[in-house]
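**Student:** Make a model of this:
(chains A, B, C and D)
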There are 2 protein chains.
Amino acid sequence: MARDAARPRRPTIEDVAALAGVSRGTVSRVLNGGASVSPAALGAVRRAIQSTGYVVNHHARSLVTHRSQSVAFILSESQDRLFTDPNFGTLLRGCTQALAEHDLPLLLSVAGSEQDRRRVARFAAAGHVDGALLVSACYGDPVIGDLAGHGVPVVACGEQPGDSVPLAYVAADDRGGARQMVSYLRAAGCARIATITGPLNRPGGPQRLAGYRDVLGEVAPELIAHGDFSEESGAAAAAELLQRAPDLDGLFVASDLMARGAIRALARAGRRVPGDVRVGGFDDSSAAVTTDPPLTTIRQPWARISAEMTRLLLSQMAGEPPAAVILPTELVRRGSA
Amino acid sequence: MARDAARPRRPTIEDVAALAGVSRGTVSRVLNGGASVSPAALGAVRRAIQSTGYVVNHHARSLVTHRSQSVAFILSESQDRLFTDPNFGTLLRGCTQALAEHDLPLLLSVAGSEQDRRRVARFAAAGHVDGALLVSACYGDPVIGDLAGHGVPVVACGEQPGDSVPLAYVAADDRGGARQMVSYLRAAGCARIATITGPLNRPGGPQRLAGYRDVLGEVAPELIAHGDFSEESGAAAAAELLQRAPDLDGLFVASDLMARGAIRALARAGRRVPGDVRVGGFDDSSAAVTTDPPLTTIRQPWARISAEMTRLLLSQMAGEPPAAVILPTELVRRGSA
DNA sequence: CCCCGTTTTGGGAGCGCTCACAGTGGCGTT
DNA sequence: AACGCCACTGTGAGCGCTCCCAAAACGGGG
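**Tutor:** Residues are numbered from 1 along each chain as shown, chains lettered A, B, ... in the order given. Reported below is the predicted structural model:
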């Protein structure tokens, strides 16, 4: 087989040592930072590594260090909603990049079903990864407790309250962002501002509703409809709101994707945006620029979120206790409000 | 640290052996299929595994077997276009799932820059993964030759012609699909059918243009515009076409995302779809249902594509030679044509 | 009852690495 | 000149597993 011919035998640390005229130990020292290695030896080893094309064998190293040098990115979410939401992709990309800078490969685990979740938890708890980034789990997701409980460093995206183990997380200031948007709508002259919430058992859901209430106080229940962050649910919720409160003139939607659905539903009902109804979204995902008119929304700082998640994970892996980070949001004015 | 307390010492194969009253070797045999192990021993070992909560140490195993039991999913694409295109997500999800069924974790590598590509290639060639799924590389991407040349099993998504090493790939029948769509447009009465192509140095690009030409023969150059698969490029190309050939009444766009842009551009120019211009897309990605009107398009069988890619990779990992698979497409009628 | 072929089993060797420890030698002090 | 110190280097042990070979156990014939 060509494969065997092409891979005669990978050079080992011993080969490098022999070529450099030093011992295994010295090569190992060079590989791990080069402390207390003479300049001569260091040079020789570097040259030997170059000329043999040596690459460390992670498995051998991990076997003794007990660290796998990789982290899992766990997407705990029903399959279909998974990659339709542009936020996932943005986050995944950011984390891959941030981890790559630390030479940490990212293991992608999709845990859609309960069974998947158990499989993934077992895998991570078995020490196959040094830590995990957890995304979009519902509150109280057992996978979380399992991992953090087993002493695996975990950082979640979004707050995870009601969990016994203190869980590190990074989140945008959902509540504050919602306040920003609703205040903005009111300042723009809206008198009857409705909202479409996300699922209240998922990160971001309750906080954005709370922000809405912070500004408007106790609003009439007919002004609040619930979605599940998907585009279709946004359209359905908007139709429902129009039924219940035909006089609404402002609409705060808890995600861009739902906002896109809502705008479509409004158009279908003959309402002009922003003429009749001003619409504000949340996320500033790629969906925000594909609505007509483009969506005024709250920007989540995804790049910083992924960077902070990675930083927090690394610090936990280094033994620091779990921490939480809340990042500020920003209002992005486009055409819809 | 809590972490150390929670992980006293993971049970090893030796612990299991002791508890089951057998030797290491026997436990290992059970772990690897249980051939020539007496029923009594098998039962005892299984019970011991249960009660100790033993999980194999991949690193130790990999060290001796020289297989890492994981595969890389390499996205060789400029950063920004990466996750905006819903196709990537769909494919990634499909592959993750298909691999999970074989208990193979997926290592996600994003190789946006030339430097990234080298890093990723080195990583994969170093034997850290048993194989790689390659997505959206431009033709002649050096990363490909490197890997396949080093004897790493690779399966690409989309044809990779012009490469010296025979490379396994899975693709939808791009040319046939394009023919289907263009024929459909013509049968619907379109007399001046223009096209917006994808980049001609990327999988799918040239084939879809070829399919268009198969049906229409040598068309006037003003009917052909080029995009890069992104939504914006679709809008720009459509505007350009409208300029050059104001009388066009049919438009075949080589991706849904570009089609969405094109439809927006047409609307802006006052053309009604499908009244004035019938528009056909390609992909049937999630973008197809978010256009107005919904997009008539060619469905790429993503689920089968990921399944076939995985199957091909596994077969190559088992020593089979690389093969290619072309999957049929299907026309999906919606409102735009 | 012994012999021989066939399961089944035990355990040594070794995968490639890190870690700890025991040198080795150069150099400044007393 | 003898000593201690320090920077550096070599080496044995061992991480947890699989592989392989030889030994043990088991049966069925002769």
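**Student:** Okay, the residue nearest the centre of chain A and residue B:66: tell me how far apart.
**Tutor:** With distances taken as Cα atoms, centre = their mean, the residue of chain A nearest its centroid is residue A:91 (4.3 Å). Per Cβ to Cβ, to the nearest Å, residue A:91 is found 35 Å from residue B:66. Every residue, glycine included, has its C-beta placed from N, CA and C.
**Student:** Which single residue of the stretch 1-150 of chain A ends up nearest DNA strand D?
**Tutor:** residue A:25 (2.6 Å; Cβ to the nearest atom of the strand).
**Student:** Am I right that that residue sits in a helix?
**Tutor:** Yes. Using DSSP: H, G, I helix; E, B strand; the rest coil, the assignment for residue A:25 is a helix.
**Student:** Find me the pLDDT at it, would you?
**Tutor:** Per-residue pLDDT puts residue A:25 at 91.
**Student:** need the contact list for it.
**Tutor:** By Cβ atoms under 8 Å, 6 or more residues apart in numbering or on different chains, residue A:25 lies in contact with nothing.
**Student:** Relative to DNA strand C, how far out is the nearest residue to residue A:37 once chain neighbours are set aside?
**Tutor:** In space, and not counting its chain neighbours, residue A:37 is closest to residue A:29: 5.1 Å by Cβ to Cβ, 6 or more residues apart in numbering or on different chains. From residue A:29 over to DNA strand C the distance is 8 Å, taken as Cβ to the nearest atom of the strand, to the nearest Å.
**Student:** pretty sure residue A:29 is touching residue A:38, no?
**Tutor:** No. When contacts are counted by Cβ atoms under 8 Å, residue A:29 is not listed as touching residue A:38 (10.4 Å).
**Student:** So if I had to pick from the two, which one is more boxed in?
**Tutor:** residue A:29 (18 against 10; other Cβ atoms under 10 Å in any protein chain shown).
**Student:** got the buried residues for the one helix or strand that one maps to?
**Tutor:** Using DSSP states H and E, residue A:29 sits in helix A:24-31. Neighbour-count burial for helix A:24-31 flags A:26, A:27, A:28, A:29, A:30 (criterion: 16 or more other Cβ atoms under 10 Å in any protein chain shown).
**Student:** Between those, which sits nearest residue A:330?
**Tutor:** residue A:30 (46.3 Å; Cβ to Cβ).
**Student:** Just give the closest residue to the closest one, not the sequence neighbours.
**Tutor:** That would be residue A:45: by Cβ to Cβ, 6+ apart, it lies 4.4 Å from residue A:30.
**Student:** A helix includes the one you found, no?
**Tutor:** Yes. Remark: residue A:45 belongs to a helix, assigned using three-state DSSP.
**Student:** can you tell me which residues contact it?
**Tutor:** Taking Cβ under 8 Å, 6+ apart as the test, what residue A:45 contacts is A:16, A:17, A:20, A:22, A:26, A:27, A:30, A:37.
**Student:** now the third one: how far from chain B?
**Tutor:** As judged by Cβ to the nearest Cβ, to the nearest Å, residue A:20 and chain B stand 20 Å apart.
**Student:** do the same with the fourth one
**Tutor:** Noted for residue A:22: a distance of 22 Å to chain B, by Cβ to the nearest Cβ.
**Student:** can I assume the residue nearest to the centre of chain A is in contact with residue A:157?
**Tutor:** Yes. Contact criterion Cβ under 8 Å: residue A:91 and residue A:157 qualify, at 6.4 Å.
**Student:** what residues are shared contacts of these two?
**Tutor:** A:135, A:305.
**Student:** Report the beta-bridge partner residues of residue A:299.
**Tutor:** Each beta-bridge partner of residue A:299 is listed here: residue A:283, residue A:330, as defined by DSSP bridges.
**Student:** what number of residues lie near it?
**Tutor:** Neighbours of residue A:299 (other Cβ under 10 Å): 17.
**Student:** so what pLDDT did residue A:252 get?
**Tutor:** pLDDT at residue A:252 comes out at 98.
**Student:** Can you tell me how far residue A:17 is from chain B?
**Tutor:** Residue A:17 is 19 Å from chain B, by Cβ to the nearest Cβ.
**Student:** Can you report phi and psi for that residue?
**Tutor:** phi -60, psi -50 (degrees, to the nearest 10).
**Student:** for residue A:108, same thing?
**Tutor:** phi -90, psi 120.
**Student:** Next up, the contacts around it.
**Tutor:** So residue A:108 contacts A:72, A:73, A:75, A:92, B:73, B:92, B:96, B:105, B:106, B:107, B:108 (Cβ under 8 Å, 6+ apart).
**Student:** Check what pLDDT it gets.
**Tutor:** 91.
**Student:** which residues pair with it across the strands?
**Tutor:** Beta-bridge partners, per DSSP bridges, of residue A:108: residue A:73, residue B:106.
**Student:** pLDDT of the helix or strand harbouring residue A:279, averaged?
**Tutor:** Per DSSP H and E: residue A:279 is located in strand A:278-280. On average, the pLDDT along strand A:278-280 is 97.
**Student:** One more: stretch A:285-298?
**Tutor:** So the average pLDDT for stretch A:285-298 ends up being 88.
**Student:** With stretch A:227-242 instead?
**Tutor:** Mean predicted confidence for stretch A:227-242 is 94.
**Student:** can you check stretch A:190-203 too?
**Tutor:** On average, stretch A:190-203 scores 93.
**Student:** Buried residues in it, which are they?
**Tutor:** A:190, A:192, A:193, A:194, A:195, A:196, A:197, A:198, A:199, A:202, A:203.
**Student:** With stretch A:179-191 instead?
**Tutor:** A:179, A:180, A:181, A:182, A:184, A:185, A:190.
**Student:** Closest to chain B out of the residues you listed?
**Tutor:** residue A:181 (22.5 Å; Cβ to the nearest Cβ).
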